[in-house]
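Student: Sharing a model prediction with you, sequence too.
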Amino acid sequence: KRMVMMKNILATILILSAILSYSPAIAKPESVMQMVNEAVKEYFSDEGLRKEYESEITRNSDGSYTLNHNGMSMRFMIDRKGKPGINGKYPLYITLHGGGGAPHEENDSQWREMFTYYKSSVKDGIYIACRGISDTWDLHFQEDSYPLYDRLIQSMIYTYNADPNRVYLLGFSAGGDGVYQILPRMADRFAAGNMSSGHPNGVSLVNLANCPISIQAGIRDYYSRSASRSVRAAEFDGILTNYRKRYGFGYEHRVCIHVPAGHNFPDNDTSAKSYVIEAPSKFAANGGRMLDDFISALGDYDGDDDEKISAVSYIPPYDDAFNRAVTDIVTKKYKLKLKRSNTDAVQYVSQFTRNPLPEKIVWDLSTRATRRMTNSFYWLQADMNTSKGTITASINRATNTITINPEKVNGDFSILICPQIIDVSKRINVATPKGKYSVTVKPSREMIYESLMDRGDPNFAYVGKISYSELQDISRKKQ
């Protein structure tokens with residue numbers, strides 16, 4: 001396709017270009033920004049690109065749409081509500097349905113329900129319900145899903161006037177599983193996310209330093225002893241808090257453990273007030289023992305252990321006697337304090353606007369989607385075979401310094417240079433564990449356009465890049 005060919009051509013040009021050099025600075029800040037603004041304008045006025053984006057989305061007979069990209073496809077339903085923001089753009093809410101590991105018809109039914117599930121809470125915005133690309137338990141986060149989410153967001157930015165800094169991800173049940181997996185792998189795309197009633201399946205959330213998350217579960221939603229969905233959700237309160245202490249910034253989050261709820265609870269009603277645990281970490285410490293108390297509260301129940309745990313998890317919320325018993329166990333036996341909270345997912349995420357160029361980044365390279373359309377993460381970039389280790393990076397605008405600290409990284413990576421956060425008219429200082437360097441980056445029009453084609457996001461218009469391995473080569477030559 002035209003876009004793929006353009007990207008390959010531009011990549012070749014960039015390989016031949018001298019991006020990292022020791023030549024005198026040649027570009028004033030205003031001229032560099034003018035170059036960026038002209039490239040962005042050219043990108044969004046390219047009729048060929050517009051036709052390509054539009055041709056990939058087809059309307060189906062049932063009113064839904066299908067996104068077809070690079071031999072992959074995903075169905076979705078879309079509605080645009082209210083008015084755009086002061087910048088003339090709409091926030092974008094991407095939602096993921098429950099089901100998974102179920103017949104096709106059941107997953108379709110869950111998908112149709114999700115098209116209305118969170119929508120009443122959206123006053124102004126583009127609301128999308130994505131259909132999982134399969135009917136398996138992991139239907140929202142199979143490897144082929146990730147490039148489709150990237151492309152869907154790009155299409156909404158280009159053709160639907162979506163605001164790239166106000167893109168939100170929300171999901172319930174199997175959709176919650178999807179949020180757990182997608183958000184940390186694509187944190188640079190989203191302003192915030194909400195996970196309800198899902199299981200993390202061992203995922204790390206360390207990449208969410210700059211992407212707030214709301215995690216919600218009913219206290220008796222275990223699913224199984226090994227899964228313990230509610231306990232895993234509660235544990236993330238302490239995990240994310242510890243990340244913030246370790247790295248010294250970010251990891252905005254809330255964890256709502258609903259009492260006495262099971263798998264279902266109000267997370268889609270701006271007027272609803274729920275009782276949630278005041279200190280989720282205290283439930284996390286007692287959740288295993290508490291399950292047996294919940295089972296005992298069932299009374300005479302005919303079934304094995306798995307069936308009883310399923311009953312504890314899925315008994316409807318209107319069973320008043322069981323609800324009272326659960327609440328008593330939580331508040332009287334374990335003496336956990338409750339508080340009233342507005343747990344509406346849309347209201348929570350909508351308060352956040354993405355910072356596409358954060359001054360501090362934490363990138364866990366083992367938590368990536370190998371088939372994403374891009375191999376960059378905010379202003380860092382690494383080939384997909386660089387898949388181990390963590391990079392912490394920061395920018396000090398006052399001293400024009402980039403500090404990079406890779407830990408156990410198994411390959412090369414690059415620093416992408418954006419004139420909004422670093423002054424390319426001056427030498428750029430790069431501090432690493434192996435030395436300090438002073439380099440000049442020559443702004444490249446080809447690099448700007450390549451980054452626009454790569455991300456489809458005007459906030460990621462980079463003018464150059466610095467390869468970490470080239471810095472090490474320079475160090476060796478000086479010795």
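Tutor: In hand now; what should we look at?
Student: got the contact list for V179?
Tutor: 96, 169-171, 193-195, 198 (CB atoms under 8 Å, 6 or more residues apart in numbering). Every C-beta, even on glycine, is put in place using the N, C-alpha and C of the backbone.
Student: same thing but 10 Å
Tutor: Contacts for V179 (CB atoms under 10 Å, 6 or more residues apart in numbering) come out as 94-96, 140-141, 169-172, 190, 193-196, 198, 200, 213-215.
Student: and G435, how many neighbours does it have?
Tutor: Per other CB atoms under 10 Å, the neighbour tally for G435 reads 12.
Student: Leaving out the residues flanking it, which one is nearest to T270?
Tutor: Spatial nearest neighbour of T270, chain neighbours left out: D344 (4.6 Å); criterion: CB to CB, 6 or more residues apart in numbering.
Student: quick one, helices of the stretch 51-200 of the chain?
Tutor: Using DSSP state H, counting those that start in this stretch, the helices of the stretch 51-200 of the chain run over 104-117, 145-159, 174-185.
Student: highest average neighbour count across the ones you listed?
Tutor: Across those, averaging neighbours per residue (mean count of other CB atoms under 10 Å) puts helix 174-185 on top, at a mean of 26.
Student: Distance from the chain centre to that helix, please.
Tutor: Taking CA atoms, centre = their mean, to the nearest Å, one finds helix 174-185 lying 8 Å from the centre of the chain it belongs to.
Student: how much does that helix deviate in direction from helix 104-117?
Tutor: With axes from the mean of the first three to the mean of the last three CA atoms, to 10 degrees applied, the angle from helix 174-185 to helix 104-117 works out at 70 degrees.
Student: any idea of the angle helix 174-185 forms with helix 145-159?
Tutor: 80 degrees.
Student: And the pLDDT at the residue lying farthest from the centre of the chain?
Tutor: In the chain, D300 marks the outermost C-alpha relative to the chain mean, sitting 43.8 Å out by CA atoms, centre = their mean. As predicted, D300 sits at a pLDDT of 85.
Student: related to what we said a few turns ago, which of the helices of the stretch 51-200 of the chain sits closest to R80?
Tutor: helix 145-159 (10.0 Å; CB to CB).
Student: How about the contacts made by the residue most central in space within the chain?
Tutor: Nearest to the mean C-alpha position of the chain, by CA atoms, centre = their mean, lies L183 at 2.5 Å. L183 makes contacts with 169, 171, 189-190, 192-195, 203, 205, 207-208, 211-213, as judged by CB under 10 Å, 6+ apart.
Student: Try it again at 6 Å.
Tutor: 169, 193 (CB atoms under 6 Å, 6 or more residues apart in numbering).
Student: Run through the residues that contact V441.
Tutor: 417, 424, 464.
Student: Then T66?
Tutor: Contacts of T66 (CB under 6 Å, 6+ apart): 58, 73, 75.
Student: for L291, same thing?
Tutor: L291 sits next to Y222 when contact means CB under 6 Å, 6+ apart.
Student: is it true that it lies in a helix?
Tutor: Yes: under DSSP: H, G, I helix; E, B strand; the rest coil, L291 falls within a helix.
Student: roughly how far apart are it and N405?
Tutor: In this structure, L291 and N405 are 41 Å apart, going by CB to CB, to the nearest Å.
Student: give me the element E470 is part of.
Tutor: Secondary structure assignment for E470, by DSSP states H and E: helix 468-478.
Student: pLDDT of that helix, averaged?
Tutor: In this model, helix 468-478 carries a mean pLDDT of 68.
Student: And for stretch 260-280?
Tutor: Taken as a whole, stretch 260-280 has a mean pLDDT of 94.
Student: which other residues reach it?
Tutor: 117-118, 121, 196-197, 216, 218, 220-221, 234, 237, 255-259, 283, 313-315, 317, 323, 326-327, 336-341, 343-345, 347.
Student: still on that earlier bit, pull out the buried members of the contacts of V179.
Tutor: Taking 16 or more other CB atoms under 10 Å as the criterion, what is buried in these is 94-96, 140-141, 169-172, 190, 193-196, 198, 200, 213-215.
Student: So which of those residues sit within strands?
Tutor: 94-96, 169-172, 193-196, 213-215 (DSSP state E).
Student: Next, format those as CSV and append distance to C130.
Tutor: Shown next, in CSV, are those (distance: CB to CB, whole Å):
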residue, distance to C130
I94, 6
T95, 7
L96, 6
L169, 10
L170, 11
G171, 9
F172, 13
G193, 14
N194, 15
M195, 15
S196, 16
I213, 18
S214, 19
I215, 20
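Student: from those, which is closest to S394?
Tutor: When those are ranked by distance to S394 (CB to CB), I213 comes first, at 21.8 Å.
Student: Residues in a beta bridge with the closest one, which ones?
Tutor: Beta-bridge pairing of I213 under DSSP bridges involves G193, H253.
Student: what's the distance between the nearest residue to A187 once chain neighbours are set aside and E56?
Tutor: Spatial nearest neighbour of A187, chain neighbours left out: C211 (4.0 Å); criterion: CB to CB, 6+ apart. Distance of C211 to E56, given as CB to CB: 27 Å.
Student: More neighbours: which of those two?
Tutor: C211 (26 against 19).
Student: my guess is that one contacts R189, does it?
Tutor: No: the pair C211 and R189 fails to qualify as a contact (CB atoms under 6 Å) at a distance of 8.7 Å.
Student: Who are the contact partners of T386?
Tutor: Contacts of T386 by CB under 6 Å, 6+ apart are 365, 411, 413.
Student: Drop anything exposed from these.
Tutor: Neighbour counting by 16+ other CB under 10 Å classes 365, 411, 413 among those as buried.
Student: which of these lies closest to T331?
Tutor: In terms of CB to CB, no member of the buried ones among the contacts of T386 lies closer to T331 than L365, at 43.3 Å.
Student: if I read this right, that closest one contacts N385, doesn't it?
Tutor: No: using CB under 6 Å, L365 and N385 do not qualify as a contacting pair, with a distance of 10.1 Å.
Student: Identify the residues contacting stretch 38-58?
Tutor: Contacts of stretch 38-58 (CB under 6 Å, 6+ apart): 65-69, 155, 158-159, 448-449, 452, 458, 461.
Student: Next, count neighbours for E143.
Tutor: The number of residues packed near E143 is 11, by other CB under 10 Å.
Student: how much space between the nearest residue to it once chain neighbours are set aside and P406?
Tutor: The shortest distance from E143 to any non-neighbouring residue, by CB to CB, 6+ apart, is to R371 (4.7 Å). R371 is 24 Å from P406, where distance means CB to CB.
Student: And the two? Which one has more around it.
Tutor: Comparing R371 with P406 by other CB under 10 Å, the one with more neighbours is P406, at 22 against 16.
Student: Just the element for the more buried one, please.
Tutor: Assessed by DSSP H and E, P406 sits inside strand 401-407.
Student: who's in contact with that strand?
Tutor: Here strand 401-407 makes contact (CB under 6 Å, 6+ apart) with 389-395, 415, 429-432.
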